[in-house]
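Participant: model the structure of this input:
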Amino acid sequence: MMLRKTLKVIWASPNTLLGSLLGLVGILFGGKAQFARGAFEYHSGLVAWLLRRFPNNVCAMTLGHSIIGIDKESLEAARDHEHVHVRQYERWGLFFIPAYFLSSAYMKYKGKNPYYDNHFEVEAYRIAAVNLRRNSTNSKEARCENLGLIDGEANES
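Facilitator: As a prediction, the model looks like this:
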């Protein structure tokens, strides 16, 4: 079991390295770091500045076992969703980023939303919605508009 987890971490490590480098540069420009549920999390400072330039009101983004967020509260709100992406990186490794962009391009080609209809986002929203229903007393999820969760369902817009 430990060997399997170690292999998953190694498989995702090139993307984790990319995310951690981004996070460490962010720390040099006012960011902060923490470790939660097996992932490095970076927020505030340069990381927040970068995320605010993404479409869809992104409050967090995952690269391997590194998650960058606008602030600590955004990371808490998006944690279940982002950890689905961590598991996806463990499955796809180096192929995750190209597969993610191909899924978005295919959805755009089909006339669908390249973010919300992306295969990887659909899975992350679905699992996060299940977790939201289980923890319905937690209102922090509403903090990130990009989560699009209304009554526990992913926003279809």
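
Participant: need the strands for this protein, in chain order.
Facilitator: Applying DSSP state E to the chain gives strands spanning 32-36, 39-43, 60-63, 66-69, 149-150, 153-154.

Participant: report pLDDT for F35.
Facilitator: Model confidence at F35, given as pLDDT, is 97.

Participant: contacts only, for it.
Facilitator: Residues near F35 by Cβ atoms under 8 Å, 6 or more residues apart in numbering: E41. (Glycine included, C-beta is placed from N, CA and C.)

Participant: okay, which residue is most central for the chain?
Facilitator: The centroid of the chain falls nearest to E82 when counting by Cα atoms, centre = their mean (3.3 Å).

Participant: surely that one and T62 touch.
Facilitator: Yes: between E82 and T62 a contact is recorded at 4.8 Å, counting by Cβ atoms under 8 Å.

Participant: about what we covered before: just put the strands of the chain in CSV and tack on distance to L75.
Facilitator: Formatted as CSV, the strands of the chain follow (distance: least, Cβ to Cβ, whole Å):
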stretch, distance to L75
strand 32-36, 7
strand 39-43, 5
strand 60-63, 6
strand 66-69, 4
strand 149-150, 16
strand 153-154, 20
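
Participant: give me whichever of the ones you listed is most buried.
Facilitator: Of all these, strand 66-69 has the most neighbours on average by mean count of other Cβ atoms under 10 Å, namely a mean of 28.

Participant: name the helices or strands packed onto that strand?
Facilitator: If contacts are counted by 3 or more Cβ pairs under 8 Å, 6 or more residues apart in numbering; DSSP states H and E, strand 66-69 sits against helix 2-28, strand 39-43, helix 45-51, strand 60-63, helix 72-92.

Participant: kindly format the C-alpha coordinates of that strand as PDB.
Facilitator: Taking Å, rounded to 0.1, in the frame of the first residue of the first chain, the C-alpha atoms of strand 66-69 are listed here in PDB:
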ATOM      1  CA  SER A  66       0.800  21.400  -5.200                       C
ATOM      2  CA  ILE A  67      -2.300  23.600  -4.900                       C
ATOM      3  CA  ILE A  68      -2.200  27.300  -5.300                       C
ATOM      4  CA  GLY A  69      -5.000  29.500  -4.100                       C
END
